[in-house]
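> Quick one: sequence plus predicted model below, questions after.
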Amino acid sequence: MAPRPCAVLGIGQTKYKRRRDDVTLDGLVREATLRALEDAGATFDDIDAIVIGKAPDALEGVMMPLLSLADALGAIGKPIHRVHTAGSVGASTAISAVNLVESGMYDTVLTIAYEKQSEGNATWALSGGKSGGQGAGGTFAPWIRNYIARSQAPEHIGWMVAVKDRLNALKNEYAHLHLPDISVEKVRESPMLWDPLHFLESCPSSDGAAAMVLGNDDIAKKSGRPPAWVISHAKRTEFGQFPGRDTVRPQAGVECSEALYRKAGITNPREQIDCAELYVPFSWYEPMWLEGHLIAEEGEGWKMTDAGDTELGGSFPVNMSGGVLSSNPIGASGMIRCLEAANQVRGTAGEYQVPGAKISIGHAYGGAAQYYAMWMVSSELNPEL
Amino acid sequence: MVSLAEDVAIVAFEQTPSHAHFNDSEPAMIMPCVNSVIEQVGMDRHEIDFTIAGSCDYLSGMPFAFVMNIDAVGAWPPVYESHVEMDGAWALFEGFVRLQSGDIDTVLVSGSGKCSPGSYREGFSLQTDPYVHAPIGLDPRTQAGFQAQALIAAGKATERDFAEVVARSHANAKNNPYAQLSGDLSVEELLAEPYVQQPLRRLDCPPTSDGAAAMIIARADKARELCDNPVWIRAIDHRIDSHHPTLRDLTDSPSVRIAADRVGLHDGPVDIAELTVTYSPEEIILRDALGLNGETTVNPSGGPLTGSPFMAVGLTRVIELARAIRNGNGGRGVAHASSGPALQQNLLCVLEGDS
């Protein structure tokens, strides 16, 4: 049997903020869930199964939180299961939910991801629970320096990405950071955290939740809501450390995108895909992923950024919503990439809409840049490429 | 019962013994299981289409502990892989669902957990609601005590019934080389033991265990190609109840009743039931909710009361059932996994032999 077609029919997000002291964890996930249901024109009664994801439990100190969140998620009497694949988890969770619909076993599935980083210490957790750890920026900075050395990219590329994503975020009411006076000078003058990453080239720590209602083709027809058809998805994992590993352009990332494009019949991603939400927690990962996911040739990614191609209005917009650089509730960040890609092809992206976007991708990575999860959505079930 | 697009079978399985303390890393515990199942089917590990694992960071005491576990599976060249922060039985659920799409043939499923390095009661109290329950230390054993007391108060069971579950489990485990505890215990001597959590006594509760389990499942054609005696997964379903003990009838399990209906449990004979009885009173609740009668053999392996490596224990129930069916001890049966305090979340998996 062929997989059952699956579409995004509803999207819900909370406002992303440094601290959401106004809600409990239950309140946070409930807020995103109710918005997704409303957007889908659905109620809890319509939901057949729930897939939830987040980064490590230690971020909030709640073990297996699906148990205590089950009531708030309307899960009682239903299947609910929890995905955890490090930083890629938000996108992995969405893909697991797609699997449920594609299996034909479940017609309508709610998927939700969240993080309430203000409850704990993210850098501690991201250092594997060791005190004095290097955190994510400390892990990635040497690989970024390696990218710069290999590609001969000029140092202002990182600053440009930091500015572009924050300007995009001004058009997104849910974004955490709204920095209207951001500029290349401000980024350059902000404190150096991990050479070459300045403070303003790093993602924030956010509280927030993101949810989607997914349905099969029958449900999509009945709902009358604009669908974002999930026309392809892929995941790949590799070891985090071994001799000879290419940490700048990890093979798992290359193979993940190859699998994604192959399934959708994409032969020229740069031309056939209209825009992308890529997981860019540190500025330089924009050009690195443009290359690492085969949108640009090796050594050419930074030139797309430099030429303004990745801006809203450019030939290949990236992170129209403001991206991870503007909102980072870690476990939800991958799901936000996926749902923002869906917003684009549904035509529901508001002020940051790419006109006429037909095909878009959502992407996340995690661990030591070793976990990859990607999906491709389209306004049409069988789009002409 | 849900109609399925694809028939799926278990083609290979392996488990570690339930260790009181496994004196090495979690990957070292998983690796022999993974190597064994791959060898059983004669495949190269790169021919496995999808891999999914279940484990829990909190048991290992460090965030991202599951990342280390891919060392046991092998991830070079890169693999198509995922992970659930749950018992391996839920990894099996997702693997089974994934095969229904019909575009891949084989899934490697694993579950693993080491309870011995930490304090089970302190750790698992973090599983409860963080605002009301966790601060007062409402750990799973306390809630199991509530559940046992509720059964007694409702006239549904006595302490003697609990002791009988324990005695039978330990006796059954004498034939199980993977069991951690086993032996002949009389109900009278069990009832003479002091309470640890009234009305629960020490052996009404599980031992502290480390362990891992793995299996390979495959779509029908591939399953027949890979092995001579596939064990078919006829249905799998899981459901959850309210987290709040005061919002539930603790003497019943509505989630098990729904799941039993969804998997068509009584559409055929139920020869064997391998149940995640973490505390002895749970067997009484589960038998009732599953509608089991005297024709079903419950926990011939001894069950979790004789070895309870969390995160592997549910998947191990499926393996014990598959082994019993392969050995001709029954034609059809149900395996049960559970998660959360007081049987909050439950999974059922119906297996059938190849005849």
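Cool, got the structure. Numbering: from 1, shown residues only, chains lettered A, B, ... in the order given.
> Could you use CA atoms for every contact and neighbour count after this?
Will do.
> could you show me where the strands are in chain B, in order?
Under the criterion DSSP state E, chain B contains strands at B:8-15, B:50-54, B:81-84, B:106-114, B:195-197, B:200-201, B:210-219, B:231-240, B:272-274, B:297-298, B:332-339, B:345-352.
> With mean pLDDT, distance to chain A and mean neighbour count as added columns, please give the ones you listed in TSV.
As requested, the strands of chain B are exported to TSV (pLDDT from 0 to 100; distance: least, Cα to the nearest Cα, whole Å; neighbours: other Cα atoms under 10 Å in any protein chain shown):
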stretch	mean pLDDT	distance to chain A	mean neighbour count
strand B:8-15	98	13	26
strand B:50-54	98	9	26
strand B:81-84	98	4	27
strand B:106-114	98	14	30
strand B:195-197	97	23	15
strand B:200-201	98	24	24
strand B:210-219	98	11	29
strand B:231-240	98	5	25
strand B:272-274	98	21	27
strand B:297-298	98	25	20
strand B:332-339	98	8	27
strand B:345-352	98	8	26
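> I'd like those strands laid out as a markdown table, including distance to A:K17.
Listed next are the strands of chain B as a markdown table, based on distance: least, Cα to Cα, whole Å:
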| stretch | distance to A:K17 |
| --- | --- |
| strand B:8-15 | 45 |
| strand B:50-54 | 32 |
| strand B:81-84 | 27 |
| strand B:106-114 | 35 |
| strand B:195-197 | 43 |
| strand B:200-201 | 46 |
| strand B:210-219 | 40 |
| strand B:231-240 | 31 |
| strand B:272-274 | 47 |
| strand B:297-298 | 51 |
| strand B:332-339 | 32 |
| strand B:345-352 | 32 |
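> of all those, which lies closest to A:E286?
With Cα to Cα, the closest approach to A:E286 among the strands of chain B belongs to strand B:81-84: 24.7 Å.
> remind me which residues of chain A are low pLDDT?
Counting by pLDDT under 70, the low-confidence segments of chain A come to A:131-132.
> returning to that earlier point: how about the strands of chain B, which one is nearest A:G314?
strand B:81-84 (34.7 Å).
> what packs against the closest one?
Using 3 or more Cα pairs under 8 Å, 6 or more residues apart in numbering or on different chains; DSSP states H and E, the elements in contact with strand B:81-84 are strand A:80-83, strand A:228-237, strand B:50-54, helix B:88-100.
> Quick check: next helix or strand after the first one?
Going down the chain from strand A:80-83, the next helix or strand is helix A:89-102, by DSSP states H and E.
> Each with direction, which strands does the next helix or strand along the chain from that next one pair with?
Counting by DSSP H and E, the element after helix A:89-102 in chain order, helix or strand, is strand A:108-116. Using DSSP bridges, strand A:108-116 pairs in its sheet with strand A:49-53 (parallel), strand A:207-216 (antiparallel).
> May I see the buried residues of strand A:108-116?
A:108-116 (16 or more other Cα atoms under 10 Å in any protein chain shown).
> Beyond that strand, next helix or strand please.
Criterion used, DSSP H and E; the element after strand A:108-116 is helix A:122-126.
> Just give me how far the helix or strand that that following helix is followed by sits from the chain centre.
Using DSSP H and E, the next helix or strand after helix A:122-126 towards the C-terminus is helix A:135-151. Relative to its chain's centre, helix A:135-151 lies at 21 Å (Cα atoms, centre = their mean, to the nearest Å).
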